[in-house]
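[1] Here's my sequence, what's the structure:
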Amino acid sequence: MLNNKILSKSLCHDKKTISVFDFKKNSKKLKSENKAEAPSLSIRLKQTRASLFGMLFSKKTPIDNTIINELEDRFLLADVGIKTTDLIIRLLTDTIKKNSDALHLDEQIKQVLLPLLKSVEQNFTIPKNISKPYLILVVGANGVGKTTTVGKLTKYIKSENKSVLLAAADTFRAAATEQLKIWGERNSVKVISQISGSDPGAVIFDALQSARANNIDVLIVDTAGRLHNKKNLMDEIKKINRISDKFDITIKKEILLVLDAGTGQNALTQTKQFKESIGVDGIILTKLDGTAKGGIVFRLADELNIPIKFIGIGEKIDDLQKFKASEFIDALLKNNS
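    Presented below is the predicted three-dimensional model:
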């Protein structure tokens, strides 16, 4: 009876609501997912590309104030923000004046945008010769796709020949632990958990002990969805930090903030709050394949300059990619119309 109740609970998976039963059934498709040819990054970003540039690159009209004004309007609508849009337009205008005949519009735009995103491109690596485990705290507000991202991140780290252990520190959300366990099964990784409503700190301590005893390279902690304006929830993240320090002060850790690209301005607000409260080492920007507001990436880079480690571009287990500025901009500038 209890198992039936658990199976009936729904889990939030990106924009879909699916049951644990469906989630298990979908996990069997993993092999076929890997064999299927994945859509290009350009196709995944088509909504953001359309909002930022529309049909500008297919026009044969000269680059003039009309084109610049249209770009400015599009950037603002795509959540690039007033300050960042002003910066981009000013730099673009200067570039056009200097290279009016030498470069096409897309080349001039790339020349302006690339340095901005290069400043937040940082390779994700697990440090060598450190006390195991390397601790990764995955944090974020409710509904950003955090647990799903933990599953994808686990797959990526395992592909780098590192052993992984998961800790289910989201002890409040219904069926959160069950969802994480399913991701653990898909990745053949153990999940440390306790009963619903348990102290997340106790879960962290148990996971650290297990990871150390089994010589695990990386411990990934799935924390509860934090409302960025709730001080008590932020305090709990700080408590997790204190527990890890008490266990072993030499343990290296990283705090990765998961953001939903589709939330636009709200993503910037969340990042500022998390940064001020607990510090943020890197950003994972999810759901870029389903939004026209991907322009927020430029605003995050310009205003906060926090490394963007990964981008989420789909629901499959391999749909988490390292953020590479040049590839990202090329995908946005590519004309697939």
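[2] okay, CA-based contacts and neighbour counts for the rest of this
    Will do.
[3] What separation is there between the closest residue to Gly312 other than its chain neighbours and Glu303?
    In space, not counting the residues next to it along the chain, Gly312 is nearest to Thr286; the distance is 4.1 Å by Cα to Cα, 6 or more residues apart in numbering. Thr286 is 19 Å from Glu303, where distance means Cα to Cα, to the nearest Å.
[4] Of the two, which one has the most company?
    Thr286 (28 against 13; other Cα atoms under 10 Å).
[5] so the more buried one makes contact with Val144?
    Yes - shown here, Thr286 and Val144 form a contact pair, counting by Cα atoms under 8 Å, at 7.2 Å.
[6] which residues are common contacts for those two?
    Counting by Cα atoms under 8 Å, 6 or more residues apart in numbering, the shared contacts of Thr286 and Val144 are 258-260.
[7] Buried residues, the helix or strand harbouring Phe75. List them.
    Assessed by DSSP states H and E, Phe75 sits inside helix 65-77. Judged by neighbour count (16 or more other Cα atoms under 10 Å), helix 65-77 contains these buried residues: 71-72, 74-77.
[8] Any idea how far the longest strand seen in the chain is from the middle of the chain?
    Secondary structure of the chain per DSSP state E: the longest strand is strand 253-260. The chain centroid and the centroid of strand 253-260 are separated by 7 Å under Cα atoms, centre = their mean, to the nearest Å.
[9] partners of that strand in the sheet?
    Its sheet considered, strand 253-260 pairs with strand 134-139 (parallel), strand 282-286 (parallel) by DSSP bridges.
[10] and the very next helix or strand once past that strand with strand 282-286, angle?
    Downstream of strand 253-260, the next assigned helix or strand under DSSP H and E is helix 265-277. If you take axes from the mean of the first three to the mean of the last three Cα atoms, to 10 degrees, helix 265-277 sits at 160 degrees to strand 282-286.
[11] which residues touch helix 265-277?
    Applying Cα under 8 Å, 6+ apart, the contact partners of helix 265-277 are 79, 141, 228-229, 234, 257, 259-261, 280, 296, 299-300, 304.
[12] Just the CA trace of it, in CSV.
    Below are the C-alpha coordinates for helix 265-277, written out as CSV (Å, rounded to 0.1, in the frame of the first residue of the first chain):
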residue,chain,number,x,y,z
GLN,A,265,15.0,39.1,-14.6
ASN,A,266,14.1,36.8,-11.7
ALA,A,267,17.2,34.7,-12.4
LEU,A,268,19.3,37.8,-11.9
THR,A,269,17.6,38.6,-8.6
GLN,A,270,18.0,35.0,-7.4
THR,A,271,21.7,35.0,-8.2
LYS,A,272,22.3,38.2,-6.3
GLN,A,273,20.5,36.9,-3.2
PHE,A,274,22.4,33.5,-3.2
LYS,A,275,25.7,35.2,-3.9
GLU,A,276,25.2,37.6,-0.9
SER,A,277,23.9,34.9,1.4
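[13] And that helix, what's buried?
    Neighbour counts over helix 265-277 (16+ other Cα under 10 Å) mark 265, 267-268, 270-275 as buried.
[14] got the domain boundaries for this protein?
    The chain breaks down into these domains under automatic domain parsing: 41-118, 134-324.
[15] Please work out which of the ones you listed is packed deepest.
    Per residue and on average, the most neighbours among the domains of the chain fall to domain 134-324, with a mean of 20 (mean count of other Cα atoms under 10 Å).
[16] what distance separates that one from the middle of the whole chain?
    The answer for domain 134-324 is 9 Å, by Cα atoms, centre = their mean.
[17] Look up how far Ile278 lies from the residue nearest the centre of the chain.
    What sits nearest the mean C-alpha location of the chain, by Cα atoms, centre = their mean, is Ile284, with 2.1 Å. Going from Ile284 to Ile278 by Cα to Cα gives 16 Å.
[18] From the contact counts, what lies against the helix holding Phe75?
    Under the contact definition 3 or more Cα pairs under 8 Å, 6 or more residues apart in numbering; DSSP states H and E, helix 65-77 sits against helix 46-53, helix 82-98.
[19] tilt between the longest one and helix 65-77?
    It refers to helix 82-98. Relative orientation of helix 82-98 and helix 65-77, computed by the same axes, to 10 degrees: 150 degrees.
[20] For helix 82-98, give me every contacting residue.
    Contacting residues not belonging to helix 82-98 are listed as 68, 72, 75-76, 108-109, 112-113, 298-299, 302-303 [Cα under 8 Å, 6+ apart].
[21] what's the offset of that helix from the middle of its chain?
    The gap between where helix 82-98 is centred and where its chain is centred comes out at 28 Å by Cα atoms, centre = their mean.
[22] Name the next helix or strand downstream of that helix, please.
    Using DSSP H and E, the helix or strand that directly follows helix 82-98 along the chain is helix 105-118.
[23] the inter-axis angle of that next one versus helix 82-98?
    Orientation of helix 105-118 against helix 82-98 (the same axes, to 10 degrees) gives an angle of 130 degrees.
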